[in-house]
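Engineer: Sequence and predicted model, in that order:
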Amino acid sequence: MKFDKEMKLIKKGVEEIISEKELVAKLKKSKETGKPLRIKYGIDPTGYDVHIGHLVPIRKMREFQDMGHIGVIIIGDFTAQIGDPSGKDETRPHLTAEQVKNNAEKYMEQLYAVLDKDKTEVRWQTEWFGDMKMSDVLKLMGKFTLAQFMAHDTFRKRYENGQSLGMHELMYPILQSYDSVAIEADVELGATEQKFNILAGRDMQKYFGKPQQIAILSPILMGTDGNEKMSKSLNNYIAVFDSPKEKYGKTMSIPDELIINYFNYATKVAPEEIEKIEKQLKNDEINPKIIKQRLAREIVALYHGYEIAETAEEEFNLIFKKKDIPDDIPEFMISAPMKVIDILTKSKTCVSGGEGRRMIKQNAVSIDGKKITDIFYEITDECVIKVGKRRFVKVTQSS
């Protein structure tokens, strides 16, 4: 089959392609005409903290960009105010347009850590929905039936369980599917839980007489605990905004059984190399820790470069092998007694007071080696505060 090399890379870390035959045909036509494919990915900026699980389809977009294609990011300024109902047990709260705009800007800043900015097209749903009339909306709704929507797992389960299901939520897949018509998508990327929405996009294109997009579905990245999907609320995530040493240390904490999973979904290591690594692990040819160290370097390097990744590894070894405190930990000066929560927040050791309280309650904060459990604890003297296994801040007093 032609395009074997391209397809092997595209299929890396992918659960399902609908359909492979159609995708090969699109790749062939693109090469013959010199017209790049348009690779769609939609974001609903209901927040702006991006973790590497969010970036699984974004890295796939980058692979397409490296093949010469165009990545099209849809900013869901309409759908974000609805909230994607997929996998949700209850209706999401509404966001204001200003909140969506601010979140989108911070979101894109993180996506560009992976994407080629020169090959990325950013589009806002306002472009096509802003002036749409009610008659146009009704026409879009008429393309689908209630039976189709009740086949959606989320909708069906919520209805059967007597849970709230707003009519506006039924609009989400319709609006999202029209995006594919508006930007003439050739491929849409998304997690497996987005299958219904992405296939709705194929249907919508068909209704408008347009070529149908290819659905490329990726699994959801497991969190560092190995038990649940990566999530900020579960504190099992690796954030784009994490420091290099945080990314390295969190990667080293994952269970061995997730090593290949992370190589596939969180790195740009070639499929052939991953196959070799998997064979080595399966045949006990190498210590998993050595492979995990490489994994950690690859993840850090993807966002910060290999030189910084090596530095992060050295810092990790200093802390965990020598059980020592790094020499270059940040300092925070106080002039009067201050609550530890305030120090953690103002020193940016924790991103918020909420995270600081959560870490204290989880027995993950210590002062000069002694764990604390009181969220109102006050610091009066110079000390070293440790948060988790990798974050430190040295408290000093002004003279």
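Structural biologist: Cool, got the structure.

Engineer: Next up, phi/psi of the residue most central in space within the chain, please.
Structural biologist: Using Cα atoms, centre = their mean, the residue of the chain that lies closest to the mean C-alpha position is His54, 1.3 Å off. Taking degrees, to the nearest 10, you get phi -60, psi -30 for the backbone angles of His54.

Engineer: Gly166 and Tyr172, how far apart?
Structural biologist: 10 Å (Cβ to Cβ, to the nearest Å). The way it works is simple: take the backbone N, C-alpha and C, and place the C-beta from them, glycine included.

Engineer: More neighbours: which of the two?
Structural biologist: Tyr172 (21 against 14; other Cβ atoms under 10 Å).

Engineer: Please name the residues that touch Glu184.
Structural biologist: If you count contacts by Cβ atoms under 8 Å, 6 or more residues apart in numbering, Glu184 has them with Arg38, Lys210.

Engineer: Then Glu285?
Structural biologist: Lys279.

Engineer: which residues does Glu257 contact?
Structural biologist: So Glu257 contacts Gly226 (Cβ under 8 Å, 6+ apart).

Engineer: what secondary structure does it sit in?
Structural biologist: helix (DSSP: H, G, I helix; E, B strand; the rest coil).

Engineer: For it, report the pLDDT, please.
Structural biologist: On the pLDDT scale, Glu257 is placed at 90.

Engineer: Over to the one 3 residues further on?
Structural biologist: Note on Ile260: pLDDT of 92.

Engineer: what's the distance between it and Glu278?
Structural biologist: Distance from Ile260 to Glu278, by Cβ to Cβ: 5 Å.

Engineer: again with Glu285
Structural biologist: 11 Å.

Engineer: Could you do Asn317 as well?
Structural biologist: Where Glu278 is concerned, Asn317 sits at a distance of 26 Å (Cβ to Cβ).

Engineer: Equivalent analysis for Met7, please.
Structural biologist: 20 Å.

Engineer: Using the three-state scheme, assign Thr396.
Structural biologist: Criterion first, three-state DSSP; result for Thr396: strand.

Engineer: Tell me which stretches of the stretch 1-150 of the chain form strands.
Structural biologist: 16-18, 38-43, 70-75, 120-124 (DSSP state E, counting those that start in this stretch).

Engineer: quick one: which of these is nearest Gly190?
Structural biologist: For Gly190, the closest of those is strand 38-43, at 7.0 Å, according to Cβ to Cβ.

Engineer: How is this structure divided into domains?
Structural biologist: Annotated domains of the chain cover 4-218, 244-321, 331-397 [automatic domain parsing].

Engineer: Distance across the shortest one, terminal residue to terminal residue?
Structural biologist: So that's domain 331-397. 10 Å (Cα to Cα, to the nearest Å).

Engineer: same thing with the longest one?
Structural biologist: Taking Cα to Cα, the span from the opening residue of domain 4-218 to its closing residue is 20 Å.

Engineer: so what's Ile274 closest to, chain neighbours aside?
Structural biologist: Leaving aside its sequence neighbours, Ile274 sits nearest to Phe263 (Cβ to Cβ, 6 or more residues apart in numbering; 4.9 Å).

Engineer: Is it correct that the one you found is in contact with Glu275?
Structural biologist: No. Using Cβ atoms under 8 Å, Phe263 makes no contact with Glu275, being 10.0 Å away.

Engineer: who's more crowded, those two?
Structural biologist: Taking other Cβ under 10 Å, Phe263 and Glu275 do not tie; Phe263 has more neighbours (23 against 11).

Engineer: Need the contact partners of the helix or strand containing the more buried one.
Structural biologist: Taking DSSP states H and E as the criterion, Phe263 maps to helix 259-266. Here helix 259-266 makes contact (Cβ under 8 Å, 6+ apart) with 12-13, 52-53, 55-56, 59, 218-219, 221-222, 238, 251, 254, 269, 274, 277-278, 281, 288, 291-292, 295, 298-299, 302.

Engineer: which parts of it are buried?
Structural biologist: Ile259, Ile260, Asn261, Tyr262, Phe263, Asn264, Tyr265, Ala266 (16 or more other Cβ atoms under 10 Å).

Engineer: Next, format those residues as JSON lines and append distance to Val365.
Structural biologist: What follows is the buried residues of helix 259-266, written out as JSON lines (distance: Cβ to Cβ, whole Å):
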{"residue": "Ile259", "distance to Val365": "29"}
{"residue": "Ile260", "distance to Val365": "33"}
{"residue": "Asn261", "distance to Val365": "30"}
{"residue": "Tyr262", "distance to Val365": "27"}
{"residue": "Phe263", "distance to Val365": "32"}
{"residue": "Asn264", "distance to Val365": "34"}
{"residue": "Tyr265", "distance to Val365": "31"}
{"residue": "Ala266", "distance to Val365": "28"}
